[in-house]
Every structure is written in structure tokens, then in C-alpha cells.
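*Asks:* Pasting the sequence and the predicted model now:
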Amino acid sequence: MTAHASHADLAMQAFPEWVASKQQRIEGLLELCLPPASTAPTTLHSAMRYSALDGGKRIRALLCYAAAELTDCETQIADAAACAVELIHANSLVHDDMPCMDDDDLRRGKPSCHKQFDDATALLVGDALQTLAFEVISDAKLYSNSQLTACQQMRLVNLLAKATGSAGMAGGQGIDLASVGKTLSQAELETMHQMKTGALIQASILLGAIGANDAQLLAIRNFANAVGLAFQVVDDILDVEADSDTLGKTAGKDADSNKPTYVSILGLGAAKQYAKTLYDQAISALAPLGSKAQRLRELAGFVTQRSF
């Protein structure tokens, strides 16, 4: 079956069923690409699997798949990109939870990697998950029967690298750590979160849309910018309103750590309104793309209306 036919079939699914099918698919793919726990070094591999499997909403993979359906991306490319972004995300969570970072003992409803294993193992797990992501997205076998040009293939690796480095996720985390106890303007906070959270979310969408034409790409970029920021605004709201059991991580951590957030800067009501504004911007950005962008519209709602 071609990627196009597969995407057309999946478009017939109701959104909850589509989400469940994609979550199941990415879980199976991650299971296959992660090293077996029985292979040496067994502790490292066990910890990698502990950190990357059996948890999370898989929003980044879902966004990648939705963009792939919109642009008729080849199935094997979409699968590899979805795996890569979820591995990078798992890497970021393992490092983020460590005592030298956010020092959180709970992640996805279970002990954080450094609590289940130890700090040194957690450091290595994050490193290994990151390099595995690039191994997956750069595998030559992936492109043996692909219609992607060599330039597009390199673009996949470049997008992921930029999203994770000092101009993206790592840089945003650096600003976050330096901002504890300080007052930031809304513009400064947005810069931080566009890097720390938004960059990988945007990359997830752009990786799935690697074959987009210029008109599609403009709309997709505008959508990705709005959704990436909306995700973090909602995260800040949930840190105040939800409990630890619902979130699967320690609630109220931002306030306890004296971190600047959208809630602390804008207030809870204004933060909720800002999330709604960003949702509206995301939906408006997709207007030129018609019905094929329906999954992205549904995911924008999923991101901004979630309770966990």
C-alpha cells in the first residue's frame, strides 16, 4: 500500500481512534529501534527502554504523522521522523529531571530515570537516546527506495539538530536555569519557550512535512509556531491547576522553584486567554490548506484543551 493510500484510509478514522492507532504504532516502532535490555550494557539499555517506552501522550509523533498525511510523506520517512522526535523528547525529559536541572522525582507517573537507576546512568541514557534519534533519521536503508532528494534527506537531520542544540531545546533550558528567581518580560519568556519547548514541536511538524510545497510550508510554519507556544502556555496552566497524579509529574513545581511562567507573568485568567488566542492563530494558519489539514486542526485542540 502506498503512503498516500494509507493516509487516505486513516483520514476516515474518528480522531480518538486515529490518535490511539498512531500512539500504538509509535510505541511498537520505539520498541523495535531501542536496544534490547538483555544486550550489554544491560543497565544502560534497560534504562533507555524505561525512559522511552510506556508513557506520554506522543504529541510530537502525532504532529509529525498529521503533517505527513497532509503532505503525502512516505510512510517509512514519517515513521522514522516520529521515532526520532520521541527519542529526543525522552532524552530531554531524562536530563530535565536530574538534580542539576529541575530535580524532579516523578515522570509519566513513575520514578524519574535518575531515581529508578542513578544520576550517572540517567546522564548516559539522555546522551544515548539523542544519538539513537540521529541514527534512526540518518539510516541509509530508510532512503533506498525513497523519492526524497539528497537535499531533503540532509534537511531532516538538520531540522532535528537545530531543534535540539543551543538555538533550540538546549539553549532554552540554559535560559530557563538562568532565569530562576528572576522576573522576565513576556517577550523574554516567549523566547525561552520557543527554544526549550517550541523548537522540537515545530521540528516534529516540519519533519513530517518534509515534502511540502512552498505554499504548504508557509502555512505549516505559522501553525507550528503557534502550537509550539500554546503547548507551553497550557503546560504552565496545568502546573497550577492539575494534580501530580493527573500530570504524571510533580504539580506546582514551577512555583516551588520560583520559575517565571505565563501564569506568574500574566495571571491565570490571562494565560488561559492567551492559550485560546494561540489556538485561534494556529487554526487560521491552516485555512489555505483545506480539509487535508483536519488532523492538524484536531491536534491543535488536543494540545490546548488537554488536562494532562
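*Replies:* Nice, thanks for sending it over. Residues are numbered from 1 along each chain as shown.

*Asks:* Name all residues that make contact with residue 95.
*Replies:* Listed by CB atoms under 8 Å, 6 or more residues apart in numbering, the contact set of residue 95 reads 101, 122-123, 126, 173. To be clear about C-beta, it is placed using only N, CA and C from the backbone, and glycine gets the same treatment.

*Asks:* host element of it?
*Replies:* Under the criterion of DSSP states H and E, residue 95 resides in helix 75-96.

*Asks:* Pull the distance from that helix to the chain's centre.
*Replies:* Put simply, helix 75-96 sits 7 Å off its chain's centre (CA atoms, centre = their mean, to the nearest Å).

*Asks:* Strand partners (parallel or antiparallel) of whichever helix or strand comes after that helix?
*Replies:* The C-terminal neighbour of helix 75-96 among helices and strands, as given by DSSP H and E, is strand 106-107. Within its sheet, strand 106-107 is paired with strand 110-111 (antiparallel), according to DSSP bridges.

*Asks:* For the helix or strand following the partner strand, name the packing helices and strands.
*Replies:* Past strand 110-111, heading to the C-terminal end, the next element that is a helix or strand (DSSP H and E) is helix 113-116. Packed against helix 113-116 by the contact rule (3 or more CB pairs under 8 Å, 6 or more residues apart in numbering; DSSP states H and E) you find helix 42-52, helix 119-137.

*Asks:* Distance of the closest residue to residue 182 other than its chain neighbours relative to residue 49?
*Replies:* Counting by CB to CB, 6 or more residues apart in numbering, the nearest residue to residue 182 once its immediate chain neighbours are dropped is residue 260, at 6.7 Å. With the distance defined as CB to CB, to the nearest Å, residue 260 ends up 35 Å from residue 49.

*Asks:* can you tell me which residues contact residue 206?
*Replies:* For residue 206, the contacting residues are 67, 159, 220-221, 224, by CB under 8 Å, 6+ apart.

*Asks:* picking that back up, so if I had to pick from residue 260 and residue 49, which one is more boxed in?
*Replies:* More neighbours sit around residue 260 than around the other of residue 260 and residue 49, counting by other CB atoms under 10 Å; the figures are 21 against 17.

*Asks:* That one and residue 150: what is the separation?
*Replies:* Distance, residue 260 to residue 150, using CB to CB: 43 Å.

*Asks:* From the contacts of residue 95, list just the buried residues.
*Replies:* Among the contacts of residue 95, those that count as buried by neighbour count (16 or more other CB atoms under 10 Å) are 122-123, 126, 173.
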